[in-house]
Each structure stands twice: as C-alpha cells, then as structure tokens.
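1. Dropping a prediction and its sequence here:
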Amino acid sequence: MTFSFSLVMVWLDLAGVFFFAVSGSLLAARKQFDIVGSLLLASVVSLGGGVIRDIIINAGPPAAFTNPAYLAPPLLATVLVYFLFSSVQRFTSLLVLFDAGGLALFCITGSLKALAAGMHPVAAVLLGVTTAVGGGLLRDITANEVPQLFDPKDIYALPAFAGAALTVALSVTGVFTAVTASAVAAVVFAFRVTAWRRHWYVPLAVRGWHRLGLDAAESGPKD
C-alpha cells in the first residue's frame, strides 16, 4: 500500500513537472531565449516548487536532485517546444493551460507530502499552495515578467488554495482516492482557466483603488 501510494505520488509529481516545464519553455520561446535558456527556465518553473516543498518539510535532498526521472520532463518540454512552437505560437493560451495543469497537480502533491510528513492540516494547505505557485513565481521573475501571483488583473493563488484545501479535507476524512484526486485537479484547472478567460479578480489592497490599464470595454482573454 505504501509503495503504491509513493508510486502514484511520483507520477503525479512528474506530470506536474512536465506541465510546468512546457509553460516555462513556451515563455522562453515568446521571450526569444535560446534553447539553453529555454531548458533552464523550464527547469526553474517545474522543479522550483518541489525543491521549496522538500526543504520546508526537511525531506532530505530534494527529489529533483536525487531522482534522475525529474530531469526528463524539462528536457522533453524544451525539445517539444523547439520543434513545435513555430506551428502553435499564435495559440498563446497554451501557456496558461499548461501552467494551470501544473498548478492543479502540484497543489495536490504538495498538500499530500506535507500531511505525510506530519504537518498540521492548515500548514499542509499552505505548503500545497507554496508548492503550486512557487515555480511560476520563479519563472516570471527570471523571465522579467510581472509574476502572475501578484497580477491584480488575474487570479492565480486562489485556485491553488481551493485545491490544497479540498485535498487536505478529503485526505483527513479518509475519502481521498484516485477519483476524488482527479476531481480536485479538474476543479483547480477549470477555476484557473475560467478566471483567466473571464478576467476575474479579487479586490485591491485598498478599497477605492482602480486597476491601471483595465478598460471596461476589455473583453476576452489576452492572446
């Protein structure tokens, strides 16, 4: 049972790594980085959140440095984007879609690993969110972009909070299964993408402030 659970966790982690890695390589292509820069940005976004998580829970050397399998997704993502980006570059929403996929998976794996390490449920939720948003934050800072986490015209952390909270609640009550995990991932993914497409946002830090550049006539996702 333990082995099976550990194996599932690894595969979920690797899937999240791949989704985030593709988002990093897509951003690198858009910023006209070379292929080495693409690989490095893919690695930063896909492995950064997991490294932060493993350091916080004191799990020893982060999995990204002890399991060679974690190095394959960034390499694969870099190669795929190198050969395919010229034919899909007009579909810039791909970056958001892959980022949402990584966000959905990492908020689950981060929360589960925190619980397995004996952390309090509330702390597990926070670590799940940190795992999910950490890589994207590092990616945007490295690429000299406004971090999506702090973009006042976007919602990024709330879907991760929802996914982490649902994961912890399901796990604590003993009803966390492959089916419920898939449902949580789908909810987080749909929440993130819908928020982006419909320009949902939360109130600013001070009531009465206005969002610069947010035109009332603006409609549809930015491409």
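-> Cool, got the structure. Numbers count the residues shown, from 1 in each chain.
2. ranges for the helices of this protein?
-> Assigned helices in the chain, in chain order: 2-30, 35-56, 63-66, 72-88, 93-116, 121-142, 157-172, 178-198 (criterion: DSSP state H).
3. Of these, flag the one that's most buried.
-> Mean neighbour count, computed with mean count of other C-beta atoms under 10 Å, is highest for helix 93-116 among the helices of the chain, reaching a mean of 25. The C-beta positions use only the backbone N, C-alpha and C, and glycine is treated the same way.
4. JSON lines please, covering the helices of the chain and showing mean pLDDT and distance to Gly208.
-> Listed next are those as JSON lines, based on pLDDT from 0 to 100; distance: least, C-beta to C-beta, whole Å:
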{"stretch": "helix 2-30", "mean pLDDT": "84", "distance to Gly208": "34"}
{"stretch": "helix 35-56", "mean pLDDT": "94", "distance to Gly208": "35"}
{"stretch": "helix 63-66", "mean pLDDT": "85", "distance to Gly208": "44"}
{"stretch": "helix 72-88", "mean pLDDT": "87", "distance to Gly208": "42"}
{"stretch": "helix 93-116", "mean pLDDT": "93", "distance to Gly208": "30"}
{"stretch": "helix 121-142", "mean pLDDT": "95", "distance to Gly208": "28"}
{"stretch": "helix 157-172", "mean pLDDT": "96", "distance to Gly208": "22"}
{"stretch": "helix 178-198", "mean pLDDT": "94", "distance to Gly208": "23"}
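5. Could you dump the ones you listed into JSON lines and include distance to Trp209?
-> Compiled in JSON lines, the helices of the chain are given as follows (distance: least, C-beta to C-beta, whole Å):
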{"stretch": "helix 2-30", "distance to Trp209": "29"}
{"stretch": "helix 35-56", "distance to Trp209": "30"}
{"stretch": "helix 63-66", "distance to Trp209": "39"}
{"stretch": "helix 72-88", "distance to Trp209": "37"}
{"stretch": "helix 93-116", "distance to Trp209": "26"}
{"stretch": "helix 121-142", "distance to Trp209": "22"}
{"stretch": "helix 157-172", "distance to Trp209": "19"}
{"stretch": "helix 178-198", "distance to Trp209": "20"}
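6. Of all the ones you listed, which one comes closest to Asp151?
-> Of all the helices of the chain, helix 121-142 sits nearest to Asp151, with 9.0 Å by C-beta to C-beta.
7. Send me the closest one as CSV with only the CA atoms.
-> Extracted in CSV, the C-alpha atoms of helix 121-142 (Å, rounded to 0.1, in the frame of the first residue of the first chain):
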residue,chain,number,x,y,z
PRO,A,121,-3.8,20.3,8.1
VAL,A,122,-3.7,24.1,7.9
ALA,A,123,0.1,24.1,7.4
ALA,A,124,-0.4,21.3,4.8
VAL,A,125,-2.7,23.6,2.8
LEU,A,126,-0.2,26.4,2.9
LEU,A,127,2.6,24.2,1.8
GLY,A,128,0.4,22.8,-1.0
VAL,A,129,-0.2,26.4,-2.2
THR,A,130,3.5,27.2,-1.9
THR,A,131,4.4,24.2,-4.0
ALA,A,132,1.9,25.1,-6.7
VAL,A,133,2.8,28.8,-7.1
GLY,A,134,6.5,28.7,-6.2
GLY,A,135,7.7,27.6,-9.6
GLY,A,136,5.6,30.0,-11.5
LEU,A,137,6.8,32.9,-9.4
LEU,A,138,10.4,31.9,-10.0
ARG,A,139,9.7,31.6,-13.8
ASP,A,140,8.2,35.0,-14.1
ILE,A,141,10.9,36.7,-12.1
THR,A,142,13.6,35.0,-14.1
